[in-house]
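Undergrad: sequence and predicted model, in that order:
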Amino acid sequence: MTDNTQPRAAATRPFEGTPRAAEYIERIRAFIDGELRPLADRHGLTHEHGGDRALLQQVWQRSRELGFYGMTLPEALGGAGFGVLDHVLIKEAVYASGCVLSPHVLGELTGPPRVGALARKATPDQLQRFILPVARAEMAICFAITEPEAGSDAGAVQTRAMRDGDDYVLTGRKRFISGSPYCDAAVVIASTSDDPARRETTAFFVERSRPGFAIEGGYKTMAGQTSTADIVLDGCRVPMANRIGEPGQGLGLAVGRIAVNRLLHCPTMLALARLALDDATAHATRRRQFGQPIAGFQAIQHLLADMATELAAARALMLDVARLLDAGVDARAETSMAKLFCSETAFRIADRAVQILGGEGIVQGRRVEWLFRMLRMYRVLTGTSEIQRNTIARELLAPAAAA
Ligand SMILES: Cc1cc2nc3c(=O)[nH]c(=O)nc-3n(C[C@H](O)[C@H](O)[C@H](O)COP(=O)(O)OP(=O)(O)OC[C@H]3O[C@@H](n4cnc5c(N)ncnc54)[C@H](O)[C@@H]3O)c2cc1C
């Protein structure tokens with residue numbers, strides 16, 4: 001092998017965040033390497049066979065004890081008070097670990113990120129009954145907007161919440177709800193309008209223990225997880241005290257932090273894409289064909305070069321948009337650009353990684369094969385690429401349309 005086929009570590013660059021975030025990342029890495037990896041190994045967990053509720057609860061509790069779980073909450077509720085850039089860098093480091101349990105460090109499936117944005121609208125009673133138990137990792141919660149007939153057009157929800165005295169009675173089906181099989185409660189966005197043509201959406205906390213609340217699973221995502229299911233509400237009665245904010249504010253609450261949330265999926269995708277690039281690089285230097293490592297072939301070198309270049313460009317965009325948000329800019333178009341570009345780029349990187357691994361890359365159980373399936377999903381999740389393009393175009397054309 002010639003020297004130019006030896007992989008070189010990525011250029012060391014100054015850490016882009018604050019010293020406090022750097023220190024946080026060191027502690028999270030120690031937690032993942034020292035506790036979560038051994039735990040996952042002991043229980044034989046894989047990306048497609050995560051732990052049961054009891055095991056996950058143990059991880060959530062431990063992460064809370066160490067101060068990571070509630071990091072994203074407002075500071076008044078125990079959050080760490082990081083800006084968007086630090087938050088992005090911390091998430092990137094969590095997912096770059098490649099650990100099966102990494103999504104549970106910050107409670108992304110059913111923890112604080114699901115309710116953080118609602119805290120300002122919650123009543124003191126709702127804080128006590130829902131938000132603080134979620135922050136303490138005692139309650140798991142999911143966020144339910146999507147329905148069989150309301151996907152990208154989230155405002156078209158048909159689940160009805162009918163006022164009946166001091167209660168609301170909810171009926172309808174919520175589709176594809178992440179974390180619902182593990183949840184103790186859901187935030188449900190329902191229609192409170194008598195006229196189906198008038199879009200009036202309202203948010204409710206709904207406990208799973210209430211009669212008329214059922215979880216129907218039975219499907220797997222293409223990346224193999226079974227943590228997504230439907231919630232069926234059949235005359236499910238909740239007290240008025242469970243309504244979040246005012247009637248008509250439901251969708252607004254749901255999308256209140258949509259710009260930030262869109263950006264916050266980017267570090268996950270790019271960290272996974274980085275793993276695909278690392279695996280492809282390692283394989284290319286190890287695998288020999290025609291008497292030499294395949295990394296000696298220019299065709300493979302160019303694939304790796306394109307992967308590294310596109311990853312660097314996507315990451316630069318992600319960090320730039322994080323800085324815009326920290327500066328208080330209304331970066332609606334830019335966050336959509338970041339979500340669009342990062343998801344499409346990450347998938348292309350995974351696709352090339354599969355190609356470089358050849359037959360090994362298309363055998364189930366190899367990491368790049370799973371990364372390929374996982375990264376395919378992000379082009380659909382949390383606003384499809386088409387919906388991001390619509391947002392970008394709308395923002396671009398808005399001044400022209402107004403003129
Ligand atoms: C694993 C998983 C987890 C999920 N988790 C949750 C969750 O926790 N909570 C929740 O509420 N939802 C969740 N969802 C739902 C997810 O947000 C939706 O699947 C997604 O928003 C797309 O909606 P849809 O599937 O109905 O697709 P559709 O809206 O039917 O879109 C189908 C196609 O049409 C295109 N399209 C639609 N409208 C337009 C338009 N105006 N212009 C151009 N193209 C358009 C789309 O881009 C797409 O290509 C989850 C889904 C999955 C698969």
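TA: Sure thing, it's come through. Numbers count the residues shown, from 1 in each chain.

Undergrad: what about the helices in the stretch 301-403 of the chain?
TA: For the stretch 301-403 of the chain, the helices defined by DSSP state H, counting those that start in this stretch cover 332-357, 367-377, 385-402.

Undergrad: any idea which of those has the lowest pLDDT on average?
TA: For the helices of the stretch 301-403 of the chain, mean pLDDT drops lowest on helix 385-402, to a mean of 88.

Undergrad: so which bits of it are buried?
TA: Residues of helix 385-402 classed as buried by neighbour count (16 or more other Cβ atoms under 10 Å): 385, 387-388, 391-392, 395. All C-beta atoms are positioned from the backbone trio N, CA, C, and that covers glycine.

Undergrad: let me know the closest of those to the ligand.
TA: Closest approach to the ligand among the buried residues of helix 385-402 (Cβ to the nearest ligand atom): Ile387, at 5.5 Å.

Undergrad: pretty sure that closest one sits against Ala154.
TA: No: contact criterion Cβ atoms under 8 Å: Ile387 and Ala154 do not qualify, at 9.9 Å.

Undergrad: with distance to Gly224 added, can I get the buried residues of helix 385-402 in CSV?
TA: Putting the buried residues of helix 385-402 into CSV (distance: Cβ to Cβ, whole Å) gives the following:
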residue, distance to Gly224
Ser385, 22
Ile387, 25
Gln388, 26
Thr391, 30
Ile392, 32
Glu395, 36
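
Undergrad: so which of those residues reach the ligand?
TA: Among those, the residues within reach of the ligand (Cβ under 6 Å from any ligand atom) are Ile387.

Undergrad: quick one: contacts of the lowest-mean-pLDDT helix or strand in the chain?
TA: When the helices and strands of the chain are scored by mean pLDDT, DSSP states H and E, helix 250-254 comes last with a mean of 85. Identification of contacts with helix 250-254 by Cβ atoms under 8 Å, 6 or more residues apart in numbering yields 117-118, 121, 143, 145, 154-155, 189-190, 192, 199, 201-203, 244-245.

Undergrad: can you check stretch 79-94 too?
TA: Residues contacting stretch 79-94 (Cβ under 8 Å, 6+ apart): 15-18, 20-21, 24-25, 28-29, 32, 67, 70-73, 75, 102, 105-106, 112, 116, 260, 263-264, 266-268, 270-271, 318-319, 322-323, 325-326.

Undergrad: taking the residues you listed one by one, which sit in strands?
TA: When strands are assigned by DSSP state E, not one member of these lies inside them.

Undergrad: just the buried residues out of the residues you listed, in ChimeraX syntax.
TA: In ChimeraX, a selection of the buried entries from these looks like this (16+ other Cβ under 10 Å):
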select :16,17,21,24,25,28,32,70,71,72,73,102,105,106,112,116,260,263,264,266,267,268,270,271,318,319,322,323,325
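
Undergrad: in helices, which of the contacts of stretch 79-94 fall?
TA: With DSSP state H as the criterion, helices contain 20-21, 24-25, 28-29, 260, 263-264, 266-268, 270-271, 318-319, 322-323, 325-326 from among the contacts of stretch 79-94.

Undergrad: off-centre distance for stretch 182-192?
TA: Centre-to-centre, stretch 182-192 and its host chain are 18 Å apart (Cα atoms, centre = their mean, to the nearest Å).

Undergrad: fine, thanks again, bye for now.
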